[in-house]
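K.L.:
how does the following fold in three dimensions:
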Amino acid sequence: GGGFRNPMVGPQDTTSIQPKESKGILNPSLNIIESTRSMGTDADPIMEKEDASTDTESPLQIPNPGSQNSMVSLPNIGVELQVNYNTNTYPPDPVAAVSGPGYIVTCTNTHVHYFNDDGDELYDSTNSNFWSSVSNTTKIFDPRIEYDTYHNRFIIVILDGGSADVDDCQILIAVSVNSNPTNGWNFYKYSGVEGLSDRWVDYTTVGHSTNDIIISGNVFDDSDPSDYKQTRVWQFSKSPLYSNASSFPIWQYNHVEDENGEDSFTTHPVSYPMGGYGPGAYLISRNYSNGVCWFDITEDASDDPVMYSYCESAPSRDWPDNSVNQDGTGQRLDVSANLMNAYYGGDGEIFYAAAYLGSDDNRDKILVGRLNVTNGNVADGGFGASGMDYAYPFIMPWATSSSVWGGGSCVTFLRTSADPYPEFR
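P.N.:
Sure thing, here's the model as predicted:
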């Protein structure tokens, strides 16, 4: 779901970044989710964007590395396993995460599976069964999954109710009780369209800091499911969810806009895969072909957070061809221009990946970038073999823990053309 919206016209200046003189500011409303089966109160009116003088930006802090955990145990090379069944859904939206001890959780639009690192299947369930305690409809889709290496928990977020179920459109959350998914989960839900009429949410993204979970979603019009209306962001503390509390407060940011006053379509909360960071959190989006936008949530959900927005220039990259050939089928592969994900590497640096149209052979390539929030500098580069199309790059640090990380990244992606069969690399 979610997909791609026509890009907005961005700033034309691609010179060196200067300190910002103003920035957008958005104050959230606070809702209380009373239990796993209630919806919360009506959202407060939207807070207007204001001008604010720019303070010197300090990067968010990472706790003592000694208190963090390994991202994953050393892999078992050569183990093969069938992690997702083909249920003829389009798209299947497969996602996966791996815990430090080596447990693997995979999700699609239809199923949830657990495996160990030997490839043995430990659990197999349909979405309707796994989410039965909190779901309202049979339309459960767009799974997202993260592994919290600081607290040793899996976090799954999925949507319940699409454009045909606007009255029941909600966001479902499951957190594992520890690093072993077979030991159980805590389930929660809240409305994604609180205070709205005839709206539904699509393409949620999720990230987390030391103490909080942050979710973003695109809101669409029910009468025209492709009519994008706004982006919402929700911020809440991990503590009540991890302790299976019966209620938890949630901050809701309505009409999230970038510094230029443009709606920030598909905005990614940023996680630190090697542990935690904060207080507060970062988010990032690619609203322009010649820049990126990022957002700074100032405090944890337990305090009084405010979101600031910024836009930074970068070398201009054309939007990708959003429909490319695949061998063996007439079905063309959709390619999104949106950022697929991003991660925080510490010292104020955010790493991200996206697709763009290469100028040398007019084929889709991989864009890998690094944003420094302390000075607004963006460094990026394009990658890809001639004559091939690339799609859906996903970036993570190339390390098992922060103590051995040297600043490198691992990027996974789809590669295709009219000749070789589509590949995951």
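
K.L.:
any weak-confidence spans in the stretch 151-300 of the chain?
P.N.:
Along the stretch 151-300 of the chain, the model assigns pLDDT under 70 to residues 163-168.

K.L.:
bridged to the residue lying closest to residue 104 once chain neighbours are set aside, which residues?
P.N.:
Setting aside the residues directly before and after it, residue 104 is nearest to residue 115 in space (C-beta to C-beta, 6 or more residues apart in numbering), at 4.3 Å. Any C-beta I mention is one placed from the backbone N, CA and C, and that applies to glycine too. For residue 115, the beta-bridge partners under DSSP bridges are residue 104, residue 121.

K.L.:
surely residue 115 is in contact with residue 103?
P.N.:
Yes. Using C-beta atoms under 8 Å, residue 115 is in contact with residue 103, at 7.4 Å.

K.L.:
please tell me how far the spatially most central residue of the chain sits from residue 79.
P.N.:
Closest to where the C-alpha atoms of the chain average out (C-alpha atoms, centre = their mean) is residue 205, at 3.2 Å. With distances taken as C-beta to C-beta, to the nearest Å, residue 205 is found 29 Å from residue 79.

K.L.:
what does residue 188 give?
P.N.:
In this view, residue 188 and residue 79 are 33 Å apart by C-beta to C-beta.

K.L.:
neighbour count winner among those two?
P.N.:
Taking neighbours as other C-beta atoms under 10 Å, residue 188 and residue 79 compare with residue 188 leading, 24 against 12.

K.L.:
coming back round to it: the residue nearest to the centre of the chain contacts residue 266, correct?
P.N.:
Yes. Here residue 205 reaches residue 266: they are 6.9 Å apart, a contact under C-beta under 8 Å.

K.L.:
shared neighbours of these two, anything?
P.N.:
residue 216 (C-beta atoms under 8 Å, 6 or more residues apart in numbering).

K.L.:
tell me who's in contact with the residue nearest to the centre of the chain.
P.N.:
Shown in contact with residue 205 (C-beta under 8 Å, 6+ apart): 144, 215-217, 266-269, 341.

K.L.:
residue 265: how many residues sit nearby?
P.N.:
When neighbours are counted by other C-beta under 10 Å, residue 265 registers 23.

K.L.:
should've said residue 190
P.N.:
For residue 190, the neighbour count with other C-beta under 10 Å is 22.

K.L.:
any idea what it is bridged to?
P.N.:
In this entry, residue 190 is beta-bridged to residue 171, by DSSP bridges.

K.L.:
now swap in residue 98 and tell me
P.N.:
Under the criterion used here (DSSP bridges), residue 98 is bridged to residue 104.

K.L.:
that one contacts residue 106, doesn't it?
P.N.:
No. Using C-beta under 8 Å, residue 98 is not in contact with residue 106, being 9.8 Å away.

K.L.:
what segments of the stretch 51-200 of the chain are strands?
P.N.:
Listed in chain order, the strands of the stretch 51-200 of the chain (DSSP state E, counting those that start in this stretch) span 95-98, 104-107, 111-115, 121-126, 140-148, 153-160, 170-176, 185-191, 199-208.

K.L.:
any chance of these in CSV, plus distance to residue 254?
P.N.:
Below are the strands of the stretch 51-200 of the chain laid out as CSV (distance: least, C-beta to C-beta, whole Å):
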stretch, distance to residue 254
strand 95-98, 27
strand 104-107, 28
strand 111-115, 31
strand 121-126, 34
strand 140-148, 20
strand 153-160, 18
strand 170-176, 15
strand 185-191, 13
strand 199-208, 12
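
K.L.:
nearest to residue 289, of these?
P.N.:
Judged by C-beta to C-beta, the one of these that comes nearest to residue 289 is strand 199-208, at 19.9 Å.

K.L.:
give me the next element, helix or strand, following the closest one.
P.N.:
Downstream of strand 199-208, the next assigned helix or strand under DSSP states H and E is strand 212-221.

K.L.:
strand partners (parallel or antiparallel) of that next one?
P.N.:
Sheet pairing of strand 212-221 (DSSP bridges) gives strand 199-208 (antiparallel), strand 228-237 (antiparallel).

K.L.:
so which of these is nearest residue 413?
P.N.:
With C-beta to C-beta as the criterion, residue 413 lies closest to strand 199-208 of the strands paired with strand 212-221, at 18.0 Å.

K.L.:
from the middle of its chain, how far away would that closest one be?
P.N.:
Distance of strand 199-208 from the chain centroid (C-alpha atoms, centre = their mean, to the nearest Å) equals 8 Å.

K.L.:
stretch 95-109 now?
P.N.:
Taking the mean of its C-alpha atoms, stretch 95-109 sits 16 Å from the chain's own mean (C-alpha atoms, centre = their mean).

K.L.:
kind regards, and thank you for your time.
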